[in-house]
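Undergrad: below are the sequence and a predicted model for it; my questions follow.
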Amino acid sequence: MSTGFFYLCQMENRWYVIYTKSRQEKYVAKWLIEKGISYYLPLHKKVRQWKDRRKWVEVPLINSYIFVRVRDDREYIEILQTDGVVSFITFEGKPATVPEQQIDAIKLLLAGEADLDVTSGNFEKGDEIEVKAGPLKGLQGELINVKNKRKVIVRIEHIRQALLVDIDMKYLEKKNRHS
């Protein structure tokens, strides 16, 4: 029995977003590898403090989210049946997709040595910018003020998440808006 997943989306081989049980992202990723399913789990290093020690650990950038490429209905069902997977993220009844350039932007942010945070907060639309120099060159986003610091926001459409990164203002250039 077909789920009609691709018929609904009318898209193929795109990035979709799955929601996992809390703190199960790496476990789910292990199962996706074993099933031969392409995925992207953005990880970044953070210092964790325990009672007796501090340690650098790799943690998911966005808690409970993993990006997956789905080729057909069989893979869609396979993913849903994976231990630790709760569901696909959907909006208005359709699976949320993430454009390739936003996945590339996340990879670019993680490759740099920027101070990176994730937020699901809503922001007023600000100036659209592009990073013109430095390790994040080519990154595009929206400029806002947060706690008297300049930060760049890269919105990930359809999942209501945004990445905030500290960056020196001398590396930014305002983009022209197209009406």
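TA: Ah, there it is. Numbering: from 1, shown residues only.

Undergrad: find the least confident helix or strand in the chain, judged by mean pLDDT.
TA: One helix or strand of the chain scores below all others by mean pLDDT, DSSP states H and E: helix 5-9, with a mean of 49.

Undergrad: can you name the next helix or strand after it?
TA: strand 15-20 (DSSP states H and E).

Undergrad: helix or strand next in line after that following strand, which one?
TA: That would be, after strand 15-20 and using DSSP H and E, helix 25-34.

Undergrad: so which elements touch the helix or strand just after that next one?
TA: Next helix or strand after helix 25-34 toward the C-terminus (DSSP H and E): strand 39-40. Packing partners of strand 39-40 (3 or more C-beta pairs under 8 Å, 6 or more residues apart in numbering; DSSP states H and E): helix 25-34, strand 65-69. For every residue, glycine as well, the C-beta is placed using N, CA and C.

Undergrad: now tell me what touches strand 39-40 from outside.
TA: Strand 39-40 is contacted by residues 15, 29, 32-33, 66-69, 103, 106 when judged by C-beta atoms under 8 Å, 6 or more residues apart in numbering.

Undergrad: and with 6 Å instead?
TA: Contact with strand 39-40 is made by 32, 66-68, as judged by C-beta atoms under 6 Å, 6 or more residues apart in numbering.

Undergrad: what of stretch 74-85?
TA: Contacts for stretch 74-85 (C-beta under 6 Å, 6+ apart): 3, 5, 18, 20-21, 24, 27-28, 31, 35, 37, 68, 70.

Undergrad: apply 7 Å and report the result again.
TA: 3, 5, 18, 20-21, 24, 27-28, 31-32, 35, 37, 68, 70 (C-beta atoms under 7 Å, 6 or more residues apart in numbering).

Undergrad: again with stretch 17-32
TA: Counting by C-beta under 7 Å, 6+ apart, residues outside stretch 17-32 touching it are 39, 41, 60, 64-68, 79, 82-89, 96, 98, 159.

Undergrad: so what secondary structure elements neighbour the helix or strand containing Glu142?
TA: Assigned by DSSP H and E, Glu142 belongs to strand 140-146. If you count contacts as 3 or more C-beta pairs under 7 Å, 6 or more residues apart in numbering; DSSP states H and E, strand 140-146 packs onto strand 127-131, strand 149-156.
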